[in-house]
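**Q** Here is my input, please return the structure:
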Amino acid sequence: MPHTVDEILDSVVLITGAANQEFGTGFAVRCEEGATWIVTCAHVVTNVGKGGTIRVRDRDAEQVCCGELEGIDLAVLRVPGLEMQPLRLECAGGKGMVCGVAGFASLRGKRRRAELLDVTLGSRVVFEGAEQPRVEAWRLEIEGKTLLESGYSGSPVVCAATQAVFAVAGYEESQGTRGCAVSLAHLQEVWPAMPAGLFGTPPSVSSGWLAPEQRWFLEALFQQSLVTDEQLRDWCLEAMPWNEPHSIPLDSNRLDLLAWLMKKGPLAGGQIPLLSVLRKFRDWVTDKAMHARLDQLINQIAHHFGITPEAMRESKPVKTSTSPVLMLQIWPVAPSGNRYNIQAQLFYSAEINFNVYVREENNAVNVDNKEEQTKVMEDLRKEFRKRLISERQIIVELILSYDLLSHPVEWWENEAEEPLGVLSPVVVRSRERLLNAVLQDQQNCWKALLNPPDKVLLQNCWGYEKDSWREARDKLEQGFCIVFRFVPDLRQDRKLHDLYYLVDIGMPVAIWPRRNFPIKLEQYLTDKLLADLPELVRILRDQLCKESEKEKKKKEDHPCYHLTLLWDDPDRRLPKDQYYPPGA
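**A** Numbers count the residues shown, from 1 in each chain. Sure thing, here's the model as predicted:
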């Protein structure tokens, strides 16, 4: 089937008369047994055929049917000896749809020019007369400088998304700036002997995974530059269970990804990656007709596989219990100095984890050097791509020594100047705590905090003022999240430090600023779930970056820029031999 402008124009013909100068346009819809069937307007056949035969590409054309008497401006011609590529037909249409109209216009002398006009579909129109059937048509709004001329009568109106013809241009209005097109839904009324299968197979998955018409639509949808190839690849990754082999093609383009999704089909666990990706895609589709058609296809796929509307609700933020986690240990090379060792391990469960990145001793990192930070981020990004892991899918846990707990690790950037804490949910953990067996075993506070799992964050935050440690144990046992109302000074003696004390008594979750701000978390955390806190903080950072870039504001002037989130999930521990000993 034609998919390009040139191919569409190759299927369009000039219709002329042997006895007059009238002309119009038609297009091929069928080619069999050395003949081609042409659809055009009834008034073209009537006007061109006055006093003689109708000619198509220097051949006499036979009139198969003409709907003039029925009040339907459609006709069909048969041209023996002519073989052309037929255009695909469909019954569609919707206000605002982007289309093309391919037809012939006047040129000097007897020459005619074929061109594809850019058109937007206007409102639906209905024609009805005495003893004549109702006929559905569409207004055509011409977008470019080239106007709709009378010779365009009989031209195919092609949907830009599907490259299928759904209407026939009838006549021009307003000096060619507007026009009208008759819906092909009436073609069989004019042509009762119309062959079966002339229109594409109606969208249906009852006879298989995807019908040809659905595949054509998806190819047209994916070819539009609505999102990047990388974004599509991320959606594919997010649609797959973390422990399911997927073989998503590396460095693939959007059509490769679509082919992979269609081939993957439904998974053993009941997930359908194509359905998940299409539901994300729908938020980027602005064309109303295409949006409606995509919704229809999503519902058809869901119905075919018995997926209920409840199961199709939008996915929740990243969940800590099932997502892959990058556990990134950072500890000093020497008691003093700014060079730090790094060991990164990819954690799926206590049984499934492995090293992905190590830098230590002579290859240690200066954490205050931006270029070295970027090098670490790029190295990790390569590891993610190698393992086909989406950065938005993975939680990054930075296991820091005490002196680094308030270091702004979430603002380490890659070469594209994308901060780590915007791309991924980033949390910090105390390395000393993970290395202390007694502290590791303190899980009661975590269980109290996240049980039940639908706790609302705002109702479970306790504002911690300086020297409030006497109340801390009770608040922790009651399941409160700690929110510091001041900047913890990690240079203080550990025995006198509020943050160290709270970590040592088993505080699992805390939020604190790195600069003094009158932080009012209420406006950001209302009605949010406590269990979603890591992803919520990432969303705040993401919004902050977009707003500051759009409005030229300084991110540094916003309190959310300076938040640190401690999220010490005791269910995520590595075997003891995978932690370097204290002071190593």
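
**Q** quick check: longest helix of this structure.
**A** Scanning the chain for the helix with the most residues, using DSSP state H, yields helix 533-551.

**Q** and it, what does it pack onto?
**A** Helix 533-551 is packed against helix 420-423, strand 426-430, helix 522-525, strand 563-567, with contacts defined by 3 or more C-beta pairs under 8 Å, 6 or more residues apart in numbering; DSSP states H and E. (Glycine included, C-beta is placed from N, CA and C.)

**Q** comparing those, which gets the lowest mean pLDDT score?
**A** Lowest mean pLDDT within the helices and strands packed on helix 533-551: helix 522-525, at a mean of 68.

**Q** still on that earlier bit, and the longest helix of the chain, what's its mean pLDDT?
**A** For helix 533-551, mean pLDDT rounds to 81.

**Q** what residues does it touch?
**A** Helix 533-551 is contacted by residues 317-318, 320, 395, 410, 419, 421-422, 424-427, 457, 481, 509, 511, 524-525, 528, 553-555, 558, 560-561, 563, 565, 567 when judged by C-beta atoms under 8 Å, 6 or more residues apart in numbering.

**Q** so that helix versus strand 426-430, what angle?
**A** 130 degrees (axes from the mean of the first three to the mean of the last three C-alpha atoms, to 10 degrees).

**Q** Next, the buried residues of helix 533-551.
**A** Neighbour counts using 16 or more other C-beta atoms under 10 Å place 533-541, 544-545, 548 of helix 533-551 among the buried residues.

**Q** Only C-alpha atoms, please: export it in CSV.
**A** In CSV, the C-alpha atoms belonging to helix 533-551 read as follows (Å, rounded to 0.1, in the frame of the first residue of the first chain):
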residue,chain,number,x,y,z
LEU,A,533,8.0,9.4,48.8
PRO,A,534,11.2,8.7,46.7
GLU,A,535,9.4,9.2,43.4
LEU,A,536,7.5,12.2,44.7
VAL,A,537,10.8,13.9,45.6
ARG,A,538,12.0,13.1,42.0
ILE,A,539,8.9,14.7,40.5
LEU,A,540,9.3,17.8,42.6
ARG,A,541,12.9,18.1,41.3
ASP,A,542,11.8,17.5,37.8
GLN,A,543,9.1,20.2,38.0
LEU,A,544,11.5,22.6,39.6
CYS,A,545,14.0,22.1,36.7
LYS,A,546,11.4,22.6,34.0
GLU,A,547,10.0,25.7,35.7
SER,A,548,13.3,27.4,36.3
GLU,A,549,14.4,26.7,32.7
LYS,A,550,11.1,28.0,31.3
GLU,A,551,10.8,31.1,33.5
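
**Q** relative orientation of it and strand 563-567 in degrees?
**A** Using the same axes, to 10 degrees: helix 533-551 against strand 563-567 is 160 degrees.

**Q** Point out the one among the helices and strands packed on helix 533-551 that comes closest to F486.
**A** Using C-beta to C-beta as the measure, strand 563-567 is the one of the helices and strands packed on helix 533-551 that comes nearest F486, at 12.9 Å.

**Q** and the helices and strands packed on helix 533-551 as JSON lines, adding distance to V45?
**A** Formatted as JSON lines, the helices and strands packed on helix 533-551 follow (distance: least, C-beta to C-beta, whole Å):
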{"stretch": "helix 420-423", "distance to V45": "61"}
{"stretch": "strand 426-430", "distance to V45": "69"}
{"stretch": "helix 522-525", "distance to V45": "67"}
{"stretch": "strand 563-567", "distance to V45": "73"}
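
**Q** Minimum distance to V277: which of the ones you listed has it?
**A** Comparing those against V277 with C-beta to C-beta, the closest turns out to be helix 420-423 (19.6 Å).

**Q** So which other helices or strands are in contact with the closest one?
**A** Here helix 420-423 touches helix 533-551, going by 3+ C-beta pairs under 8 Å, 6+ apart.

**Q** how many other residues sit next to the nearest residue to E90 once chain neighbours are set aside?
**A** Spatial nearest neighbour of E90, excluding adjacent residues (C-beta to C-beta, 6 or more residues apart in numbering): A164 at 4.2 Å. A164 has 23 neighbouring residues, counting by other C-beta atoms under 10 Å.

**Q** go on, A510?
**A** Neighbour count for A510, taken as other C-beta under 10 Å: 21.

**Q** got it, and L69?
**A** Residues near L69, counting by other C-beta under 10 Å, number 8.

**Q** Now do the same contact list for it.
**A** Shown here is L69, which makes no contacts under the criterion C-beta under 8 Å, 6+ apart.

**Q** does it count as helix, strand or coil?
**A** Here L69 is recorded as coil under DSSP: H, G, I helix; E, B strand; the rest coil.

**Q** Over to the one 3 residues further on?
**A** Local secondary structure at I72 is given as coil here, using three-state DSSP.

**Q** Make a markdown table out of the helices and strands packed on helix 533-551 and add mean neighbour count.
**A** Output for these, formatted as a markdown table (neighbours: other C-beta atoms under 10 Å):
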| stretch | mean neighbour count |
| --- | --- |
| helix 420-423 | 24 |
| strand 426-430 | 24 |
| helix 522-525 | 14 |
| strand 563-567 | 22 |
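
**Q** Kindly state the pLDDT recorded for P212?
**A** For P212, the model assigns a pLDDT of 66.

**Q** go on, K555?
**A** You'll see K555 listed with a pLDDT of 68.

**Q** those strands in the stretch 451-584 of the chain, which residues are they?
**A** Counting by DSSP state E, counting those that start in this stretch, the stretch 451-584 of the chain has strands at residues 461-464, 481-484, 509-513, 563-567.

**Q** Show me how this protein divides into domains.
**A** Under the assignment automatic domain parsing, the domains of the chain span 5-190, 212-312, 325-574.

**Q** how close does the residue nearest to E90 get to P156?
**A** Using C-beta to C-beta, to the nearest Å, A164 is found at 9 Å from P156.

**Q** Which neighbours do those two have in common?
**A** With C-beta under 8 Å, 6+ apart as the test, A164 and P156 both reach L87.

**Q** which regions of the stretch 201-350 of the chain lie under the pLDDT threshold?
**A** Within the stretch 201-350 of the chain, the segments meeting pLDDT under 70 span 201-209, 211-213, 241-247, 249-252, 268-269, 308-323.

**Q** pretty sure R30 is touching P195, no?
**A** Yes: if you go by C-beta atoms under 8 Å, R30 and P195 touch, sitting 6.5 Å apart.

**Q** just checking, P195 touches E33?
**A** No: with contacts counted by C-beta under 8 Å, P195 stays clear of E33, the gap being 11.9 Å.

**Q** which of the two has more neighbours?
**A** P195 (10 against 6).

**Q** residue contacts, the more buried one?
**A** Taking C-beta under 8 Å, 6+ apart, one finds R30 in contact with P195.

**Q** That one falls within a strand, correct?
**A** No: counting by three-state DSSP, P195 falls outside a strand, being coil.

**Q** Got the confidence number for T177?
**A** 69.

**Q** before we move on, what about the one 3 residues further on?
**A** The confidence metric pLDDT takes the value 88 at C180.

**Q** again with E143
**A** 70.

**Q** for it, what are its contacts?
**A** Contact partners of E143, counting by C-beta under 8 Å, 6+ apart, are 117-120.

**Q** Which secondary structure state does K50 sit in?
**A** Relying on three-state DSSP, one would call K50 coil.

**Q** Tally up the residues packed near K455, please.
**A** 16.

**Q** Isn't it up against A531?
**A** Yes: counting by C-beta under 8 Å, K455 touches A531, with 7.3 Å between them.

**Q** about what we covered before: buried among the contacts of E143? Make that a ChimeraX selection.
**A** To isolate the buried ones among the contacts of E143 in ChimeraX, judged by 16+ other C-beta under 10 Å, type:
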select :117,119,120
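
**Q** Mark which of the contacts of E143 are part of strands, please.
**A** 117-120 (DSSP state E).

**Q** Now distance to L502 and pLDDT too, for the residues you listed, in JSON lines please.
**A** Shown next, in JSON lines, are those (distance: C-beta to C-beta, whole Å; pLDDT from 0 to 100):
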{"residue": "L117", "distance to L502": "69", "pLDDT": "85"}
{"residue": "D118", "distance to L502": "64", "pLDDT": "83"}
{"residue": "V119", "distance to L502": "66", "pLDDT": "85"}
{"residue": "T120", "distance to L502": "61", "pLDDT": "83"}
